[in-house]
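Trainee: generate a structure from the sequence data that follows.
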Amino acid sequence: MPLAFPSRSEIVVPLQTLLVGTAGAALFYAAELPGGLISGAMIGVAAFGMAGRPVGLPQPLAHVILMTLGMSLGAMVSPTMVKNLSAYPLTIALLALATFCATFGSSLYLRRVHGWDRTSALLAGSPGALSQIIMLATERNADVPGIAVVQIFRVIILTALVPLLLAATGLMAHGPLPSRGPTATPLALAELAAAAIAMALLMRWIKFPASWMFGAMMASSILHGAGWVEGTLPQWAYIAALTGIGTLIGSRFGKISPRTILRHLAAALGSFAVAISISAVFVGLIVLTTTVRISDVVVAFAPGAMDAMLALALTLHIDPVFVGAHHLSRFIYVSIVTPGIVHLFGKAQDDIDD
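Mentor: Predicted coordinates for the structure are as follows:
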């Protein structure tokens, strides 16, 4: 069979997406905005796509970006982070309750204020697990464009505003990227990459959620925690991972037409305000009753945006184990519980086309 070469668009679209993302990241970083590499790339690519230009990255490149992020996160793991483990059962239980309350609170807002049907409102209000939510919305004939706008808009706002919030409250500092220690040797990097690929493939085989990122993170955490590998990824790989995550998020939003965004903008903003207000109540409860750092709780309880929040944990030097455990728990909770909630409380399948 003759070799199939990529078409011109398959080359040009990823290249221009990467260039726009890199330019946005560089601009925000030069302005010393908190989380600037992620939010700059995200906003730049989203705006470029909304202007009518095609955006997107091929799946293999997206997997490399997620694995690089995972390896960088695993390199941050240290024995001192184990001090928060005793608080995990309580905080994860509260996270499940917060997710339940945020889902129903956002759903109630969308139904009462914007007249959404029950199924679409419940799916739009579920924080995180976007792929599963969209598939379920398609199966139930729900308002897929509206749900996508509400879900992705939540990710955009969280990614852009959480670093600014932490900086404004003095929980993180402005300025350049924090020091991450010495770079690993080429041999250690090769070992780390091989272990990360193997673990990611294994986790993908068992259908573990976010397998590329969590597989690489787990492999890196084990190797660094056991002392078998020392040092971090090179600075250029660290910067590329943060810029790449922002670019990936921005490309999701940039594929939605401006007309669709404007039609659902009020619903997206309102439901986000409801979800973040409910999450804030639980964040305050945990801060008052445990010794976990406020910044760790804020990022861990952000309603959705798992990959973006883990990237922020990397750039803001927040405990990646705590954040990762909670966002993974939410992902699993939403993936398992949401279909049941929709079945019980959503409109019946026979009524969908009425």
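Trainee: can you map out the helices along the stretch 1-150 of the chain?
Mentor: Counting by DSSP state H, counting those that start in this stretch, the stretch 1-150 of the chain has helices at residues 8-30, 36-50, 59-75, 88-114, 118-125, 130-139, 144-168.
Trainee: one more: the stretch 151-300 of the chain?
Mentor: 186-205, 211-225, 235-254, 258-289, 294-300.
Trainee: residue 23: which of the ones you listed is closest?
Mentor: Each of the helices of the stretch 151-300 of the chain has some distance to residue 23 by CB to CB; the shortest is helix 235-254, at 10.0 Å. Every residue, glycine included, has its C-beta placed from N, CA and C.
Trainee: quick one: mean pLDDT for that closest one?
Mentor: Here helix 235-254 scores 89 as its mean pLDDT.
Trainee: where does pLDDT dip in the stretch 251-354 of the chain?
Mentor: Confidence mapping of the stretch 251-354 of the chain against pLDDT under 70 gives the ranges 305, 346-354.
Trainee: hmm, 50 instead?
Mentor: Low-confidence segments of the stretch 251-354 of the chain, defined by pLDDT under 50: 348-354.
Trainee: distance of the nearest residue to residue 23 once chain neighbours are set aside relative to residue 27?
Mentor: In space, and not counting its chain neighbours, residue 23 is closest to residue 44: 6.1 Å by CB to CB, 6 or more residues apart in numbering. Distance of residue 44 to residue 27, given as CB to CB, to the nearest Å: 8 Å.
Trainee: between those two, which one's more packed in?
Mentor: More neighbours surround residue 44 than the other of residue 44 and residue 27, with 27 against 15 (other CB atoms under 10 Å).
Trainee: and the pLDDT for the more buried one?
Mentor: 94.
Trainee: which residues does it contact?
Mentor: Counting by CB atoms under 8 Å, 6 or more residues apart in numbering, residue 44 makes contact with 20-21, 23-25, 27, 250.
Trainee: nearest to residue 124 among those?
Mentor: residue 250 (20.5 Å).
Trainee: could you give the number of residues near that closest one?
Mentor: By other CB under 10 Å, neighbour count at residue 250 equals 32.
Trainee: likewise residue 243?
Mentor: By other CB under 10 Å, the residues close to residue 243 number 27.
Trainee: mind checking how far it is from residue 202?
Mentor: Taken as CB to CB, the span from residue 243 to residue 202 is 28 Å.
Trainee: now do the helix or strand hosting residue 327 against helix 211-225, angle only.
Mentor: Per DSSP states H and E: residue 327 is located in helix 320-345. Here helix 320-345 runs at an angle of 150 degrees relative to helix 211-225 (axes from the mean of the first three to the mean of the last three CA atoms, to 10 degrees).
Trainee: shift numbering so it begins at 41
Mentor: Sure, I'll start numbering at 41, so the last one becomes helix 360-385.
Trainee: just the buried positions in helix 360-385, please.
Mentor: Neighbour counts using 16 or more other CB atoms under 10 Å place 360-371, 373-375, 378-379, 381-382 of helix 360-385 among the buried residues.
Trainee: tell me the contacts of residue 253?
Mentor: Going by CB under 8 Å, 6+ apart, residue 253 touches 106-107, 109-110, 347, 350.
Trainee: ugh, wrong one, residue 47
Mentor: Applying CB under 8 Å, 6+ apart, one finds that residue 47 lies in contact with no residue.
Trainee: quick one, phi/psi of it?
Mentor: With angles defined as degrees, to the nearest 10, residue 47 sits at phi -70, psi 170.
Trainee: look up how far residue 287 lies from it.
Mentor: From residue 47 to residue 287 the distance is 21 Å (CB to CB).
Trainee: same thing with residue 198?
Mentor: Distance, residue 198 to residue 287, using CB to CB: 17 Å.
Trainee: neighbour count for the two, which is higher?
Mentor: More neighbours surround residue 287 than the other of residue 198 and residue 287, with 33 against 24 (other CB under 10 Å).
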